[in-house]
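K.L.:
mind folding the following:
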Amino acid sequence: MDEINKYKVLSNCSIREAVRKMDEARTGFCVCVDQADRVLGVMTDGDFRRAVHHGIQLDENVLRVMNKDFRWVKKGFDRKEIKKIFANTLVRQIPVLDDGR
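P.N.:
Numbering: from 1, shown residues only. Coordinates of the predicted model:
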């Protein structure tokens, strides 16, 4: 479970905190969760770059820039499904979630 936590940020954190989490995890994304640990969205390094380009302040809430309409797969996914997603999109990371997200 600790492995998963390195990718998660709470939805009340700032963009700056989310970027720090991505940097610590050495990955290009983080998963935004609420207090009940439900996934609300993801933020990628691309979302961060677009926010900076548009002048959004880093102390603003991560909810402002996270992607709520993201690709994900259900636990027990078919590896062929993942390969197809990676082959046909620019997606580099795909969260694996329960039904309830």
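
K.L.:
for this protein, just list every one of the strands.
P.N.:
For the chain, the strands defined by DSSP state E occupy 8-10, 29-33, 39-44, 73-74, 96-97.

K.L.:
can you lay out those strands as JSON lines showing mean neighbour count and distance to Leu63?
P.N.:
Placement of C-beta: from N, CA and C, glycine included. Shown next, in JSON lines, are the strands of the chain (neighbours: other C-beta atoms under 10 Å; distance: least, C-beta to C-beta, whole Å):
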{"stretch": "strand 8-10", "mean neighbour count": "18", "distance to Leu63": "10"}
{"stretch": "strand 29-33", "mean neighbour count": "24", "distance to Leu63": "7"}
{"stretch": "strand 39-44", "mean neighbour count": "21", "distance to Leu63": "7"}
{"stretch": "strand 73-74", "mean neighbour count": "14", "distance to Leu63": "23"}
{"stretch": "strand 96-97", "mean neighbour count": "14", "distance to Leu63": "18"}
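
K.L.:
okay if I get the ones you listed as TSV plus distance to Asn61?
P.N.:
Shown next, in TSV, are the strands of the chain (distance: least, C-beta to C-beta, whole Å):
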stretch	distance to Asn61
strand 8-10	10
strand 29-33	10
strand 39-44	11
strand 73-74	27
strand 96-97	22
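
K.L.:
now those strands as JSON lines including distance to Ala18 and mean pLDDT?
P.N.:
Formatted as JSON lines, those follow (distance: least, C-beta to C-beta, whole Å; pLDDT from 0 to 100):
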{"stretch": "strand 8-10", "distance to Ala18": "5", "mean pLDDT": "94"}
{"stretch": "strand 29-33", "distance to Ala18": "5", "mean pLDDT": "91"}
{"stretch": "strand 39-44", "distance to Ala18": "5", "mean pLDDT": "91"}
{"stretch": "strand 73-74", "distance to Ala18": "22", "mean pLDDT": "72"}
{"stretch": "strand 96-97", "distance to Ala18": "18", "mean pLDDT": "70"}
